[in-house]
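Novice: Attaching a predicted model along with its sequence, questions to come.
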Amino acid sequence: MQKQKKKPSLPVIRLSLLAPLTRELQHRAVDCSRIFKNHSIDPADLDNPDVWIPAPKMYAVVEQLSEVSGDPCFGVHAGEKLNPWDWPPTARAARKSRTVGEFLLRFMEDAGAETNSCTYILETIGARSMFRERRVTDGKILPRHNDGYTVAYLLDIVRGAMGASWDGGQVVARVCDPTAIPKGYLGIRTATTDSFGASVAFPSRWLIQSINNSDRESLEGEDSRSSLPATNIVDALRYSIMPHLHEFNLNAERAAAICGINKRTLARRLKARGTSVSAEISAMRQSRAARLLGETDKAVGAIGQDIGYSDPAVFTRAFKRWTGLTPSEFRKKHRF
C-alpha cells in the first residue's frame, strides 16, 4: 500500500524534530550552538511546534550535528534512544496501534503533520514486506545520519513487538551509506540505496505481530500539534525565511539558497501566486517591525537591526513607505 501525496512546491519539516538529537548531544556535553547560529536557528524554537525549516536545511543540520558528535553512527544511536510512545511523529500511531502493520499504516497517515518532504510506502509481495520513505529532495547532500535515525526508530518498534521471536537476519535495511549503521547492528543486513530515503524489509507475517505496551492506557491522549506543513509555496517561503529576517543580505538569491531551490524556479512559482520574494520579505519585515513597535519598548534602531536594517535612517524611510508613518509615530498611535 502506498500513501500518495502531491509533491510540495517547497518541502518543509517541523524544527522540533531536531530536539531528540540535540538532547543526545547535550547528554554527551557536545556544544552545537555554532551550527544553530550558522543556520539562523534559535535553540528555543526547538520546543515550538509552529516553527518549520526547509527540508534541505534540516538534512544539512542533522549531518553537521552528527559530525560534531564524533560518533560515526550518531543517527542510529540517537534514534534508538527515542521513546516511540512520546515522540510526536510516532506517538499517536504507537498509542493507537495493536499490531506492527497497523502502526506502520497509522504512521504513514500521521507523518504528514510533521513534514511534507517525504512519502511513506508499505509494500507487501508474498512473504516479504518493505517499509520505506521517499524524500522529494535530498538537499544535494548524503543524508546518512537521517537514514540511520529512521532505521533505528522503525526497528525499535518492530523488535519490541517481536520480543523473543526477533530475528535480525531476516531484516534488510537499505540506506545511502551503510557505514552509518553499526557493524552487526541487531543482527540485520544492510545494503546501499540512493539518497532519497531509507527502507526496512522484513517477513510479511511480522505485520500481524501484536505491539505490547503495558503503559498504553496511560498514554491514550492525543498528541497536539499546532500547525500543519505549508500547502503552498508562499506559506512555505514564509516559514523558511522567517528566522533570517535579521540578515542584511536577505534577497531573492539568499532566499532561494535558504529554501534549497533554484532562484528562477522560486520566482516562477511565486509569480504564479501573484507575489515575489522581495514582496514577501517586505511584508514580513513590516509585520515584525509593527509588532515590536507596538508590543515592546525596544529602541527603533534595534528593531531595524532585527529585521535586516543596519542603518536606522534607512529603516525609518522603509517603514514610512510601508505605513505612511515613521516608527516613532506608529508607536505612539498603536501602543498596546
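Specialist: Thanks, I have it. Numbers count the residues shown, from 1 in each chain.
Novice: all contacts plus neighbour counts: C-alpha atoms, from now on.
Specialist: Noted.
Novice: my read: Phe36 touches Leu46, true?
Specialist: No - counting by C-alpha atoms under 8 Å, Phe36 does not reach Leu46; the two are 10.7 Å apart.
Novice: who has more neighbours, those two?
Specialist: Leu46 (19 against 14; other C-alpha atoms under 10 Å).
Novice: So that one belongs to a helix, correct?
Specialist: Yes - judged by DSSP: H, G, I helix; E, B strand; the rest coil, Leu46 forms part of a helix.
Novice: Return the residues in contact with it.
Specialist: Applying C-alpha atoms under 8 Å, 6 or more residues apart in numbering, we find Leu46 in contact with 15-19.
Novice: do Ser33 as well
Specialist: Per C-alpha under 8 Å, 6+ apart, neighbours of Ser33: none.
Novice: mind checking how far it is from Val61?
Specialist: When distance is defined by C-alpha to C-alpha, to the nearest Å, Ser33 is 11 Å away from Val61.
Novice: likewise Trp52?
Specialist: For Trp52 relative to Val61 (C-alpha to C-alpha), the value is 13 Å.
Novice: One more: Ala164?
Specialist: Relative to Val61, and taking C-alpha to C-alpha, Ala164 is found at 37 Å.
Novice: now Val12
Specialist: Val12 is 13 Å from Val61, by C-alpha to C-alpha.
Novice: Ser328 too?
Specialist: Taking C-alpha to C-alpha, one finds Ser328 at 39 Å from Val61.
Novice: Looking at the two, which is more packed in?
Specialist: Val61 (20 against 12).
Novice: For that one, give me its contacts.
Specialist: 35-36, 39.
Novice: where in the stretch 101-250 of the chain is pLDDT low?
Specialist: 212-231 (pLDDT under 70).
Novice: Please, where are all the strands along it?
Specialist: 118-125, 128-135, 172-175, 189-192, 199-203 (DSSP state E, counting those that start in this stretch).
Novice: Pick the most deeply packed of those.
Specialist: Burial of these is given as mean neighbour count (mean count of other C-alpha atoms under 10 Å); strand 172-175 ranks first at a mean of 23.
Novice: could I get that strand in CSV with only the CA atoms?
Specialist: What follows is strand 172-175 as a C-alpha-only set of coordinates in CSV (Å, rounded to 0.1, in the frame of the first residue of the first chain):
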residue,chain,number,x,y,z
VAL,A,172,17.4,-5.8,5.4
ALA,A,173,17.9,-2.1,5.9
ARG,A,174,18.8,-0.1,2.8
VAL,A,175,20.4,3.3,3.5
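Novice: contacts for that strand?
Specialist: By C-alpha under 8 Å, 6+ apart, strand 172-175 touches 144, 147-148, 151, 188-195, 197-202.
Novice: how many other residues sit next to Gly294?
Specialist: Neighbour tally, Gly294, other C-alpha under 10 Å: 18.
Novice: Let the chain start at 37 from now.
Specialist: Renumbered: residue one is now 37, and that last one reads Gly330.
Novice: Ignoring the adjacent residues along the chain, who's closest to His280?
Specialist: Leaving aside its chain neighbours, His280 sits nearest to Ser76 (6.3 Å; criterion: C-alpha to C-alpha, 6 or more residues apart in numbering).
Novice: surely that neighbour meets Pro279?
Specialist: Yes - taking contacts as C-alpha under 8 Å, Ser76 lies within contact range of Pro279: 6.1 Å.
Novice: between those two, what contacts are shared?
Specialist: Contacts common to Ser76 and Pro279, judged by C-alpha under 8 Å, 6+ apart, are absent.
Novice: And the helices in the stretch 37-186 of the chain, which stretches?
Specialist: Applying DSSP state H, counting those that start in this stretch to the stretch 37-186 of the chain gives helices spanning 55-63, 69-74, 91-105, 110-115, 124-132, 136-146, 180-198.
Novice: With respect to Leu286, which of these lies nearest?
Specialist: helix 69-74 (14.5 Å; C-alpha to C-alpha).
Novice: And that closest one, how far out from the chain middle?
Specialist: 17 Å (C-alpha atoms, centre = their mean, to the nearest Å).
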